[in-house]
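K.L.:
any chance you could fold what I've pasted below:
(chains A and B)
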2 protein chains.
Amino acid sequence: MPEVDSSPADATVPLGNNEDLDILAKVDAMLESYVASLDDRSRKVVLFKSPEEISTIFSEEACDLSLEDGEPVSESRILSACEATLALSVRTGHPHFFNQLIGRADVTGIAGEMLVAATNGSAYTYEVAPVFLLIEQEVINKTLDLVGFSRDTAEGLTVPGGSMSNLYALQTARYYKFPEVKTRGIFAIGGEPVAYCSAGAHYSYMKAAHVVGIGSDNMVEIPMDSRGRMRADLLESQVAQDIAHGKKPFFVGATAGTTVWGTEAGAFDDLIALRRVCDKFGLWLHVDGAWGGAVLLSPKYKEELLAGVDMVDSFCWNPHKMVGAPLQCSIFTHNKGRGLLQACNGTCAAYLFQKEKNYASYDKGDWTIQCGRKPDGFKIWLAWKRLGDEGIRLRVEHGIKLAKYAADEIVKSSTGKSRFAGKFILHHDPEYANVCFWYLPPCLSDLKLLEGLNDEEAAKLSKVTPYIKDKMQREGLAMITFTGPYNFFRWTFSSPRNVGYDDVDIVLDDIDRIGRDF
Amino acid sequence: MPEVDSSPADATVPLGNNEDLDILAKVDAMLESYVASLDDRSRKVVLFKSPEEISTIFSEEACDLSLEDGEPVSESRILSACEATLALSVRTGHPHFFNQLIGRADVTGIAGEMLVAATNGSAYTYEVAPVFLLIEQEVINKTLDLVGFSRDTAEGLTVPGGSMSNLYALQTARYYKFPEVKTRGIFAIGGEPVAYCSAGAHYSYMKAAHVVGIGSDNMVEIPMDSRGRMRADLLESQVAQDIAHGKKPFFVGATAGTTVWGTEAGAFDDLIALRRVCDKFGLWLHVDGAWGGAVLLSPKYKEELLAGVDMVDSFCWNPHKMVGAPLQCSIFTHNKGRGLLQACNGTCAAYLFQKEKNYASYDKGDWTIQCGRKPDGFKIWLAWKRLGDEGIRLRVEHGIKLAKYAADEIVKSSTGKSRFAGKFILHHDPEYANVCFWYLPPCLSDLKLLEGLNDEEAAKLSKVTPYIKDKMQREGLAMITFTGPYNFFRWTFSSPRNVGYDDVDIVLDDIDRIGRDF
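P.N.:
All right, here's what the predicted structure looks like:
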């Protein structure tokens, strides 16, 4: 052991490296057992507790949540804290967790994420992360091939989440058209830059518009058609009008798989129609495929939902959705020339990106708006190697099948042909893996949703889903989020691997059992 | 098992959940052994290979790096790929890895990161991440207490890296002064917003200036004094001049611990002097403590280096530096009123942040520019609980001691009082844990650095460090980065726990042995 410090404190204060190897081994064993239990349907999705209860449990069984006293705690308390965290956290890997677009992480992917944690690598330079950078590039290459971008003109990065990918897209597109912004700011453009997305797009477009300084008013929401797609004709007239008013349109943010808003949750914009408008006005066409991009792996659905994707300018998708890479894993790619990301974001920091270094051309740190960057490519690569294209295709298509099965059951109910006669109302036919629906309790059984509701009915219906959700949460049953008009349930099959049709039946039964008491 | 799919492919294609539990157990065992070996000085810091060699090794020993064929690979190949990744990756946890501001991750922190991977949680809502959100808040609270911010007026978030923290700071400060930017964009301000940082600040300030649309020309670099601190007098005159020219100053980005640039790497800006200027003109004062913020845990160095920190408007630090939390872990806090982050970044996305939910007031997703967000607070909390304030204090102070020891050895050399007589030249006295120096090989032994170099000497000296670095990398010896005038070595003690004074001696001996052949 090297000399560390001669102060007497050394003997009693844990310094936390190899003396804690035992903690690592014991936590590993705990996690293996936890992951093995994720398919166990007899467990609750969440052991629901209030913040005060959680705080009390930690204090009594492990250690205070607070760090205020600054005292070190024993190994056994650390282990108890991990046990308590596992026991009180939502089991996102439970087959009945449908609340978010994440869910059960792939086991091989989890192993990959753990390896990254143990090596503590950072994907900026070849010098520090040779394997992680090469592997990230293979994940990017595979994405480029699937999208249909040429490796000669396209490039990409893994970034921390889909919102960051959309921010990268907006930033890259702006630099491409107005490189002067990099040094002189937006003012140099000589007019207000304007971007567009559909009214059903993810809120991260609005957030990004604020961040990049154009403001959310300049991220113009274009209305959708009846299938939830951005209206290309309205986009065209809006752009023409903005140009006539001296504005500077530069970016269209399309969506492949809307998350919930609009009349068709799970909708895919018509990329061919949008490309035509973008070409006419010289606009960058980005596709937010955070949720729907996984259909790249399904030739059938790719053709049906992503036609024209090879002609867009940038594309992102999140393998932590549907494909099951552990959070966080988003891939941003563009096809407007290699070197663009470095030109856009680079500062050539001399202390990191020395040209004299070996293989410095492999460095990616200067392409990003970050500095240190977690090598998120590794876990998706490892999982992908294990699953193969075919394994991922099966997952994606199974997720879509589950959604269609759930929608069918709901439709059967509305038409009276099921045990739920009349109790479930489907909001719309799913194109992808989102199913939006209401439950009508006995006291609302006469409701004619399609004919419009009066204020009293609307208020009452809006309370049904939160009521059911609350009871299900407290019982530890399936978690499904709600939103939209009169708070419909939004059921997403984002982690389809361990979900079966019988799970769909169980969930509908539970909703009915609880909802009928509303 | 639920029904998954009736296609025959199911039988042969791994779908990757519980059937792969064996992979998880075996990778865990591999990682425990890897982490246990990190203190082993007989191992190389890196087994240096070219991209082509790495590719060949993977193909021969595990599987192709490429994902092109899309074929699934066997469990044993997955395990071999993990072995190869560990063998060919840089051992950032090796006692002789000094290349970056990251290094040996704390073992308990690694266990925490692994737990997060297994649960696949996302820190947006209480509903989905009750424990992780409560624990993140405790890490924030502890930071607020250490900085001296009131919990009644301050709030914060963990974000993916220090560059993101500086971006959050710029974004929050702009919203605070010009809330109209959120909807109408920068144009609404009626003048160009201007921000300031020192010439020695991290490049992420420049990147952020581009991202937020003000441009890098409007992130004005203020010259430093002889100790590397931003010149408050020059800041004051610059701001006054900018105001006179119709510009709109709003932000000063200070630095606590410069990374390398300027004459005093590791320098801490004088926050009291900067506060005075900021108060005079109504500017937001942010502190980038990504590197130096760890001195919050050392009362001695906090007083010496961070005086006045309680009076700044926002502060960030990266526990993945110095404190040893696994990458990535940055904490952003501000003291300008609770609710500001949500007001600034919120879009009130109805599908995530339903007011009807239980304990929705604990949700943080609407405070961020992200959507899904990895619960990075957990790993630092777990490590902190184990180490206690005192364990972290010992680490930080030991890092500073190591730097001073290395600097002393180098100074002894320059004054002829060591075995290295005249061979090492210190660039400046370290204030913190960075040591910058040159090695003078025999052919340059007469060089009088202080008197200035002619072009030929400058060119020759600039080649010495890259030469030594390359040889050391190929031998798998200590990794230290280089930069600055004539490429000096920048030696950082960012992971001091398993580094001793004898390690410093070994590194200097190696540099001398290799450098004398230049």
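K.L.:
burial check on A:C348, number of neighbours?
P.N.:
Residues near A:C348, counting by other C-beta atoms under 10 Å in any protein chain shown, number 11. All C-beta spots, glycine's among them, are computed from the backbone N, C-alpha and C.
K.L.:
cool, and A:P160?
P.N.:
25.
K.L.:
now for the spatially closest residue to it that is not a sequence neighbour: which residues touch it?
P.N.:
Distances taken as C-beta to C-beta, 6 or more residues apart in numbering or on different chains place B:P160 nearest to A:P160, at 4.2 Å, with adjacent residues excluded. By C-beta atoms under 8 Å, 6 or more residues apart in numbering or on different chains, the contact list for B:P160 reads A:P160, A:Q328, A:Q370, A:K374, B:Q328, B:S330, B:Q370, B:K374, B:D376.
K.L.:
A:W491 now?
P.N.:
So A:W491 contacts A:F98, A:A403, A:A406, A:N434, A:V435, A:C436, A:F437, A:I480, A:V507 (C-beta under 8 Å, 6+ apart).
K.L.:
the residue lying closest to A:A478 once chain neighbours are set aside: how many residues sit nearby?
P.N.:
Distances taken as C-beta to C-beta, 6+ apart place A:H96 nearest to A:A478, at 3.8 Å, with adjacent residues excluded. A:H96 sits with 23 neighbouring residues when counted by other C-beta under 10 Å.
K.L.:
hmm, back to that, just the ones of the contacts of B:P160 in helices?
P.N.:
Among the contacts of B:P160, DSSP state H puts none in helices.
K.L.:
let's have these in JSON lines, adding distance to A:I23 and pLDDT.
P.N.:
JSON lines is the format used below for the contacts of B:P160 (distance: C-beta to C-beta, whole Å; pLDDT from 0 to 100):
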{"residue": "A:P160", "distance to A:I23": "27", "pLDDT": "95"}
{"residue": "A:Q328", "distance to A:I23": "25", "pLDDT": "91"}
{"residue": "A:Q370", "distance to A:I23": "30", "pLDDT": "92"}
{"residue": "A:K374", "distance to A:I23": "22", "pLDDT": "95"}
{"residue": "B:Q328", "distance to A:I23": "21", "pLDDT": "91"}
{"residue": "B:S330", "distance to A:I23": "24", "pLDDT": "97"}
{"residue": "B:Q370", "distance to A:I23": "30", "pLDDT": "92"}
{"residue": "B:K374", "distance to A:I23": "21", "pLDDT": "95"}
{"residue": "B:D376", "distance to A:I23": "19", "pLDDT": "97"}
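K.L.:
all helices for the stretch 151-300 of chain A, in order.
P.N.:
For the stretch 151-300 of chain A, the helices defined by DSSP state H, counting those that start in this stretch cover A:162-177, A:181-184, A:204-211, A:232-244, A:271-281, A:299-305.
K.L.:
what does the shortest one rub up against?
P.N.:
Helix A:181-184 is contacted from outside by A:R174, A:Y175, A:A188, A:I189, A:C344, B:H210, B:G213, B:G215, B:S216, B:D217, B:N218, using C-beta under 8 Å, 6+ apart.
K.L.:
just give me the neighbour total for the fourth one.
P.N.:
The reference is to A:I189. 20.
K.L.:
wait, what's in contact with it?
P.N.:
Neighbours of A:I189 in contact, by C-beta under 8 Å, 6+ apart: A:F178, A:E180, A:V181, A:K248.
K.L.:
just the buried ones from those residues?
P.N.:
A:F178, A:V181, A:K248 (16 or more other C-beta atoms under 10 Å in any protein chain shown).
K.L.:
and the residues you listed, which is closest to A:I110?
P.N.:
The nearest member of those to A:I110, counting by C-beta to C-beta, is A:V181 at 40.6 Å.
K.L.:
still on that earlier bit, list the ones among the contacts of B:P160 that fall in strands.
P.N.:
Among those, the members found in strands (DSSP state E) are B:S330.
K.L.:
between the contacts of B:P160, which sits nearest A:I392?
P.N.:
The closest of the contacts of B:P160, once distances to A:I392 are taken by C-beta to C-beta, is A:Q328, at 18.4 Å.
K.L.:
contacting residues for that closest one?
P.N.:
With C-beta under 8 Å, 6+ apart, A:Q328 has these contacts: A:P160, A:G161, A:H320, A:K374, A:D376, B:S122, B:P160, B:G372, B:R373, B:K374.
K.L.:
is it true that the fourth one touches B:L327?
P.N.:
By that I understand A:K374. Yes. Assessed by C-beta atoms under 8 Å, A:K374 is found in contact with B:L327 at 5.8 Å.
K.L.:
any idea how many residues pack against A:V411?
P.N.:
For A:V411, using other C-beta under 10 Å, the count is 16.
K.L.:
please identify the helix or strand for it.
P.N.:
helix A:377-414 (DSSP states H and E).
K.L.:
sorry, back to before: mind listing what the residue nearest to A:A478 touches?
P.N.:
By C-beta under 8 Å, 6+ apart, the neighbours of A:H96 are A:R41, A:V45, A:L477, A:A478, A:M479, A:D503, A:I506, A:V507.
K.L.:
any of those buried? List them.
P.N.:
Among the contacts of A:H96, those classed as buried by 16+ other C-beta under 10 Å are A:V45, A:L477, A:A478, A:M479, A:D503, A:I506, A:V507.
K.L.:
rewinding a little: wait, which of the contacts of B:P160 is closest to A:S445?
P.N.:
Among the contacts of B:P160, and counting by C-beta to C-beta, the member closest to A:S445 is B:Q370, at 42.1 Å.
K.L.:
which residues touch that closest one?
P.N.:
Here B:Q370 is in contact with A:P160, A:G161, A:S163, A:M164, A:S204, B:V159, B:P160 (criterion: C-beta under 8 Å, 6+ apart).
K.L.:
the third one against A:M206, yeah?
P.N.:
Just to be clear, that refers to A:S163. No. At 10.3 Å, A:S163 does not count as touching A:M206 under the criterion of C-beta under 8 Å.
K.L.:
more neighbours: these two, which one.
P.N.:
A:S163 (25 against 21).
K.L.:
just the pLDDT for the more buried one.
P.N.:
Listed pLDDT for A:S163 reads 96.
K.L.:
do the same with the one 5 residues further on
P.N.:
According to the model's per-residue confidence, A:Y168 sits at a pLDDT of 98.
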